[in-house]
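S.K.: Pasted the sequence and its predicted model underneath.
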Amino acid sequence: MNEGTTPISSWVLTKNDDPYFTKVSTKVGWIEFGEDGRGKKLHEQPSIGRSLIMSPFNEFFTWQTTAITSFQQSLNEDEIVFSTKNSNYTLKHKK
């Protein structure tokens with residue numbers, strides 16, 4: 001890295017049962033859905049019922065999970081371990 005440059009942080013998503021699944025994003029958001037099943041609001045924090053979306057935040061997003069059903073204990077604030085109806089994920093923030 002050149003002196004004076006800012007390192008780019010990234011988020012890395014892995015599926016706990018699939019060693020080949022890895023998605024990388026510079027930002028993440030958490031979508032809250034309305035009763036009609038459409039995205040209602042984008043949040044900065046995860047919560048039960050929200051879905052993870054990885055940047056860019058447009059029709060060409062990197063990845064979107066189904067809604068979160070539970071959280072597992074995380075080792076630190078830069079790691080979120082969660083489950084959806086379909087999969088178990090680990091999201092790590094690399095600084």
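M.R.: Nice, I can see it.
S.K.: And the helix or strand hosting residue 91, what does it pack against?
M.R.: If you go by DSSP states H and E, residue 91 is part of strand 88-94. Where contact means 3 or more CB pairs under 8 Å, 6 or more residues apart in numbering; DSSP states H and E, strand 88-94 is packed against strand 10-15, strand 79-84. Yep, even glycine has a C-beta here, placed from its N, CA and C like the rest.
S.K.: need these in JSON lines with mean neighbour count, can you?
M.R.: As requested, these are exported to JSON lines (neighbours: other CB atoms under 10 Å):
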{"stretch": "strand 10-15", "mean neighbour count": "17"}
{"stretch": "strand 79-84", "mean neighbour count": "17"}
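S.K.: okay, these in TSV with distance to residue 67 next?
M.R.: Shown next, in TSV, are these (distance: least, CB to CB, whole Å):
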stretch	distance to residue 67
strand 10-15	15
strand 79-84	6
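S.K.: how about those strands, which one is nearest residue 30?
M.R.: Taking CB to CB, strand 79-84 is the member of the helices and strands packed on strand 88-94 nearest to residue 30, at 10.0 Å.
S.K.: related to what we said a few turns ago, tabulate the helices and strands packed on strand 88-94 (TSV), appending distance to residue 36 and mean pLDDT.
M.R.: As requested, the helices and strands packed on strand 88-94 are arranged in TSV below (distance: least, CB to CB, whole Å; pLDDT from 0 to 100):
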stretch	distance to residue 36	mean pLDDT
strand 10-15	27	94
strand 79-84	20	95
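S.K.: Quick one: work out the angle between the strand holding residue 91 and strand 79-84.
M.R.: Orientation check (axes from the mean of the first three to the mean of the last three CA atoms, to 10 degrees): strand 88-94 against strand 79-84 gives 150 degrees.
S.K.: mind listing what residue 18 touches?
M.R.: Neighbouring residues of residue 18 by CB atoms under 8 Å, 6 or more residues apart in numbering: residue 87.
S.K.: and it, what are its bridge partners?
M.R.: Residue 18 has the following beta-bridge partners by DSSP bridges: residue 15.
S.K.: Please apply the same query to the one 10 residues further on.
M.R.: Here residue 28 shows beta-bridge partners residue 54, assigned using DSSP bridges.
S.K.: burial measure for it, as a count.
M.R.: By other CB atoms under 10 Å, 20 other residues sit near residue 28.
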